[in-house]
Each structure stands twice: as structure tokens, then as C-alpha cells.
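**Q** kindly return the folded structure for what I paste below:
(4 chains)
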Protein chains: 4
Amino acid sequence: MSGDGFARVEADLRKRMAASAFHNWMGMALGRIGPGEVEVTLDAAAHHLNLQGSVHGGVLASLADAAAGLAVRTRVPHGSRHVTVQLGMSYLRASQTGRLIAHGRAVRVGRRIAFAEARIEDGGGRLLATAQATVAVRPPREAAG
Amino acid sequence: MSGDGFARVEADLRKRMAASAFHNWMGMALGRIGPGEVEVTLDAAAHHLNLQGSVHGGVLASLADAAAGLAVRTRVPHGSRHVTVQLGMSYLRASQTGRLIAHGRAVRVGRRIAFAEARIEDGGGRLLATAQATVAVRPPREAAG
Amino acid sequence: MSGDGFARVEADLRKRMAASAFHNWMGMALGRIGPGEVEVTLDAAAHHLNLQGSVHGGVLASLADAAAGLAVRTRVPHGSRHVTVQLGMSYLRASQTGRLIAHGRAVRVGRRIAFAEARIEDGGGRLLATAQATVAVRPPREAAG
Amino acid sequence: MSGDGFARVEADLRKRMAASAFHNWMGMALGRIGPGEVEVTLDAAAHHLNLQGSVHGGVLASLADAAAGLAVRTRVPHGSRHVTVQLGMSYLRASQTGRLIAHGRAVRVGRRIAFAEARIEDGGGRLLATAQATVAVRPPREAAG
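**A** Model (predicted):
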């Protein structure tokens, strides 16, 4: 994809995220984006913590799913639909409030199935969680049908 | 466990959930509870939907993790700590706004490791997602140490 | 599907398994089969054990993948191709030599993606492992193309 | 760990693998080993293929589990026991007969729980599968008890 083509992909993604009720409510923001790679950030606050005082696994799964799914999105034709069908989370370390960064990466993007992974770090670069995602892709013509 | 013993477990869990900022913010509530089985409900609203108009995978993961983790909690000695170390989500069907019910079940609870699963249905009983969770358990003495 | 139609599915599956070098080498055999449900058995011997004397996780994964994949196969049109794209194994208990039975079940079979699960027990009915599988399905016309 | 200490770990691992009925039967051999990193190879033959002519997912899971588990083994105290409790496989590409190489890596090794991953490539360096493993570790004193 040309740099120009990717600039359009990025602009589209940033516009959609900025307008998304879910991402605003969850507190997610887009970081750096490149072809097949997307960063999503979240500043974990008290309401993101579980009963034991650590960031809830569901918050980390939300971040990982977003980063992995958007990484795939940067690599499929415009107008395709993509939906995560499977997500595997490994929770390596507990984390408290503060900056979280999810690095999503498309590992293989086929016509129908894509594979992506995500790694979540805290502001100090400690690895908190890793994720594997399986994503179903529907090409533009079918998606429109 | 005696029925009386379990009534204390249930009362403790209901009190903690009711006071939890995370669960209130996410919109989760406890449904029926039994030894090794916990239901968690959520009324999905517009802010729970992803960019494609379906409930975000992270919301379903939050529900599944809560239901599976709490199901384990009902089966470990009082004062133990438990933390989900791995969560595998299968997303079977997209779902829109409305009632979601996660049924968590402890499949095997060992001294150090527990296994649980969760199934999420919508209000009409359609199966939306299944989950497998691996949970690390720390006995009371160590947890206190 | 008519009972007669399923009898053909079953006969086809039994013939293919009996002729499969992999399944013979691994020691797998088909047990009961029904629409969306398949049992696969294996008599674990010394060469199936890991360095610690328990059945190797890869043997259990082979059983689970076979049972889950074949359960899906009983539910897709003749001539379709199906391939497991993701497999999540939970290893609940160690097991030694003896009879192993994997119960595979198709949980949802869509046009492109199917979801299945498997449970592996020993001869005494103890649950040893559970599995979640995601399976990509290619319809007959495309599979032929 | 000193280089000398690791040489003993490596020698022990090579001796045990060479004597293992499972690994010989499966056709696995140890490749390069370092602290927290282990390569396992297998030359896929006709009996490793599934009904559709590709290497069976259970063979790839066996390789991944071995590589990930042994990578953890290089990082735990001598005399510890370790057992894989969860394994998530993503199958990216089908592969035929020929050399397979699994690269296992310990991502985090705690006192009770370790996390590892594995990537499987063919002889041409094509990525065939990725894996996430969760491993329970029992310290030497308890393991002896």
C-alpha cells in the first residue's frame, strides 16, 4: 500500500475511534498506527480495577481485542468487515492504575481468516498481558450483500 | 459446605459486588449463585457496542471473566486469593443491545490451580460466547503472608 | 438430515479414519458418532507419556482436535473442507496409561466458521482435559475451485 | 545462571530427551538451547498428516507444548516440576511433509506460574503456527514431598 493510501486508512480509523461511544466510555485512545500495527492506550483509573485492586482482566481483554482487531483492519481492503471470533489472553502480571499500552500486530491476514496478537505494557514497559486473536474477514462485495 | 456456610459466601460476594466501582461502571450485576456456579448479568447499551454495532468482545470477556472467577471463588477457602491467569473466548454470534447473562462454572478447583468456564447468552437464550479460564489460587496463609 | 443421510456420513468417516496413517500411528479409533457429536478413543501406552510420566499434552491435543474437527465434519455439506484454525486446551488432571475418550461436539456451525468443543475422560470417567476449537469451513464449490 | 550452570541444564535436557520414548516415537529432536529458549525439530512424514494431507494440528501442538515447556524448564530450579495447564494454538498455514522447527520461549517465570510461547516454522522459514502456554511450577521441596 502506498504511504498515501495508508494515510487515508489512518485518518478513517482515527475519525471512527474518536466518534465511538464504546472507546470513549472505556477510555481508549489510538496511539501510533502503521500497516499491520496499531497501539491503543488507556489510563487505568479506580473504576477499571477488580475486587482485588488490579486492572480487571476484561479491561485488558478490551484493549487487546481493540489493538489486534484494528491491526487487522489496517491490512484488509476498504469496506471489508472483520470480527474477532476467538481471543486468548495470558495475564502475566497484575497492574494498578496508570497508563496501559496495547501493541497490536497482524501476524497473517488471509482472505477469510486473519491472525493477530497483542502485548500490553504499563507505562514503565513491564509486560502485563499477551493475546492471540483469530479474526474472520468478509470481503467488501459480500459485506455489502 | 453446609448451606449455612454457603449463605455466608453468597452474602459476602453480593456485598462486595454491590460496592465495586468496576462492576457498577461496567453495568454488571450478580444473578443466581450456587456452590461453583455464578450468573452475572449486564444490560448492553449503546456504549457497549463496537464500531460495527455489536457488543464489544471486551465487554463479553469482562462478563465471562467475572462469572468464571466468581464461580471459582465460591469453592476456595475464605481468605484465599484467586487471579485469572488465562482466558480463552470464543465469539459465536454477534449481539446487539439488551440483556446478557453469563453462566460461570468451576470445572475443577485444585489447591493451586482452578479451571472454570462460562457461557454467555442473550435474553432469548441464544448462545453468544463461550469461555475457558485458568485461575491461580493462593491459600489463605500465603495470601496473608 | 435424515437418518439415512447420516448413515452415509458415518460410513464415510469410519472408512477414512480406518485408512488414515496418522490415526493408526497415533492409536486413535472412532467411538460413537451422531450429528454434531463424535467420540474418539486412544489407549495410552508408554510411548504416549511425557518426561514426567503423564500422557503428553500433544497427545491430548491430537485427540481433542480430532474429536472437535470430526464433530464439525458431521454437520457441514459433503465436499466441504474444514480446517482447525485455533485450539485451546485446558489440562485439568495428569493421566497415566489406559483408555482415553474424547467427546467432540459442534457448538455452532456457520457457513464460514464453526465452533466446537471437546472433553477428554479416562476409562473411569475422570475429566482430564477440555478444549475449544475454531474451525474454518470452505463450502463445496469453493473447495473444489 | 552461570554459563557452567546452564551447560549442566542443557546436558540434562539432552540426555532426558534422547531417552524419551514419546519424543523418539513422535520424531522430535532438540535443536539449539539457551536460557529460556529451546528449539525442537521434527521431520514431518506421511504418518503426521491429517485426512486432508496437512500436518495434523495435534503434531504441531505436541511440538509447541514441548518447546514451550522445555523453555520454562531451563529457567526453574533443578528438581522443580512443571506441567502445562493451558495451551492455545493458532494454526496460520497448512504444511506438508518436511522439516518443522518450534522455537519455544519463556515469557515470564514466576514461583508458581510460568508463561511461554512457541512459534513453528517450516524449513523455508514460513510461520505455520503460534502458541501460548500456561505452565504450573512446583518448587523442588514441594515436588519432592
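
**Q** list the buried residues for stretch A:108-124?
**A** Neighbour-count burial for stretch A:108-124, counted by 16 or more other C-beta atoms under 10 Å in any protein chain shown, picks out A:108-109, A:112-122. C-beta here means a position set from N, CA and C on the backbone, and glycine is covered the same way.

**Q** quote the end-to-end distance of it.
**A** When the termini of stretch A:108-124 are compared using C-alpha to C-alpha, to the nearest Å, they are 29 Å apart.

**Q** and it, how far from the chain's centre?
**A** Mean C-alpha position of stretch A:108-124 versus that of the full chain (C-alpha atoms, centre = their mean, to the nearest Å) differs by 7 Å.

**Q** and what of stretch A:123-142?
**A** 5 Å.

**Q** tell me the buried residues in it?
**A** Here stretch A:123-142 shows A:128-138 as buried, counting by 16+ other C-beta under 10 Å.

**Q** residues contacting A:Gly36?
**A** A:71, A:74-75, A:105-106, A:109 (C-beta atoms under 8 Å, 6 or more residues apart in numbering or on different chains).

**Q** from these, which is closest to D:Ala66?
**A** A:Arg105 (25.3 Å; C-beta to C-beta).

**Q** isn't that closest one right up against A:Thr130?
**A** No - checked against C-beta atoms under 8 Å, the pair A:Arg105 and A:Thr130 is beyond contact range at 11.1 Å.

**Q** what do these two both touch?
**A** Common contacts of A:Arg105 and A:Thr130 (C-beta under 8 Å, 6+ apart): A:117-118.

**Q** any stretches of chain A with poor pLDDT?
**A** Counting by pLDDT under 70, chain A shows low-confidence ranges at A:1-3, A:142-145.

**Q** not counting sequence-adjacent ones, nearest residue to the residue nearest to the spatial centre of it?
**A** Taking C-alpha atoms, centre = their mean, the centroid of chain A lies closest to A:Ala67, which sits 1.3 Å from it. Spatial nearest neighbour of A:Ala67, excluding adjacent residues (C-beta to C-beta, 6 or more residues apart in numbering or on different chains): A:Gly104 at 2.9 Å.

**Q** contact residues of chain A facing chain C?
**A** Proximity of chain A to chain C, by C-beta under 8 Å from any C-beta of the partner chain, involves residues A:85-86, A:88, A:112-113, A:115, A:132, A:134, A:136.

**Q** tell me which two of the residues you listed sit farthest apart.
**A** In terms of C-beta to C-beta, these reach their longest pairwise distance at A:Gly88 and A:Arg112, which sit 19.7 Å apart.

**Q** hmm, the helix or strand harbouring A:Phe115 touching chain B?
**A** Element membership for A:Phe115, per DSSP states H and E: strand A:113-122. No - applying C-beta under 8 Å from any C-beta, one finds strand A:113-122 separated from chain B by no less than 11.6 Å.

**Q** what packs against the next helix or strand after that strand?
**A** Sequence-wise, the next helix or strand downstream of strand A:113-122 (DSSP H and E) is strand A:127-138. The contact analysis (3 or more C-beta pairs under 8 Å, 6 or more residues apart in numbering or on different chains; DSSP states H and E) places strand A:127-138 against helix A:57-73, strand A:81-91, strand A:113-122, strand C:81-91, strand D:81-91, strand D:98-109, strand D:127-138.

**Q** and those, which is most packed in?
**A** Of all the helices and strands packed on strand A:127-138, helix A:57-73 carries the top mean neighbour count, a mean of 28, counting by mean count of other C-beta atoms under 10 Å in any protein chain shown.

**Q** shouldn't A:Val109 be in contact with A:Pro139?
**A** No - applying C-beta under 8 Å as the test, A:Val109 and A:Pro139 come out as separate, 12.0 Å apart.

**Q** strands paired with the strand holding A:Phe115, and their directions?
**A** Strands that pair with strand A:113-122, judged by DSSP bridges, come out as strand A:98-109 (antiparallel), strand A:127-138 (antiparallel).

**Q** how near is A:Gly31 to A:Gly123?
**A** Distance, A:Gly31 to A:Gly123, using C-beta to C-beta, to the nearest Å: 12 Å.

**Q** who touches both of these two?
**A** With C-beta under 8 Å, 6+ apart as the test, A:Gly31 and A:Gly123 both reach A:Ile101.

**Q** sec struct for A:Met17, please.
**A** helix (DSSP: H, G, I helix; E, B strand; the rest coil).

**Q** bridging residues for the residue of chain A at minimum distance from chain D?
**A** At 4.1 Å from chain D, A:Gly88 is the closest residue in chain A, using C-beta to the nearest C-beta. For A:Gly88, the beta-bridge partners are A:Gln132, B:Gly88 (DSSP bridges).

**Q** wait, what's in contact with it?
**A** Applying C-beta under 8 Å, 6+ apart, the residues near A:Gly88 are A:131-133, B:86-89, C:86, C:88, D:88, D:132.

**Q** now do A:Arg112
**A** A:136-138, C:112, C:136, C:138.

**Q** how about the backbone phi and psi for it?
**A** Backbone torsions for A:Arg112, taken as degrees, to the nearest 10, come to phi -120, psi -30.

**Q** from memory A:Leu63 sits against A:Leu42, does it?
**A** Yes - with contacts counted by C-beta under 8 Å, A:Leu63 reaches A:Leu42, the gap being 5.7 Å.

**Q** the closest residue to A:Val107 other than its chain neighbours pairs with what?
**A** Spatially, and ignoring its direct neighbours in sequence, A:Val107 is nearest to A:Phe115 (4.6 Å; C-beta to C-beta, 6+ apart). Applying DSSP bridges to A:Phe115 yields these beta-bridge partners: A:Arg108, A:Thr134.

**Q** A:Phe115 against A:Ala136, yeah?
**A** No - contact status for A:Phe115 versus A:Ala136: not in contact, 11.1 Å apart, counting by C-beta under 8 Å.

**Q** dump the residue contacts of A:Pro77.
**A** Going by C-beta under 8 Å, 6+ apart, A:Pro77 touches A:139-140.

**Q** and chain A, which residues reach chain B?
**A** Counting by C-beta under 8 Å from any C-beta, chain A sits next to chain B at A:16-17, A:20-22, A:24-26, A:46-52, A:54, A:56-59, A:61-66, A:69, A:81, A:83-91, A:94.

**Q** interface residues of chain A facing chain D?
**A** A:88, A:90, A:92-93, A:107-108, A:115, A:117, A:127, A:130, A:132, A:134.

**Q** can you pick out the most distant pair from those residues?
**A** With distances taken as C-beta to C-beta, the most widely separated pair in the residues of chain A next to chain D is A:Arg93 and A:Arg108, at 27.9 Å.

**Q** all good on my end, thank you.
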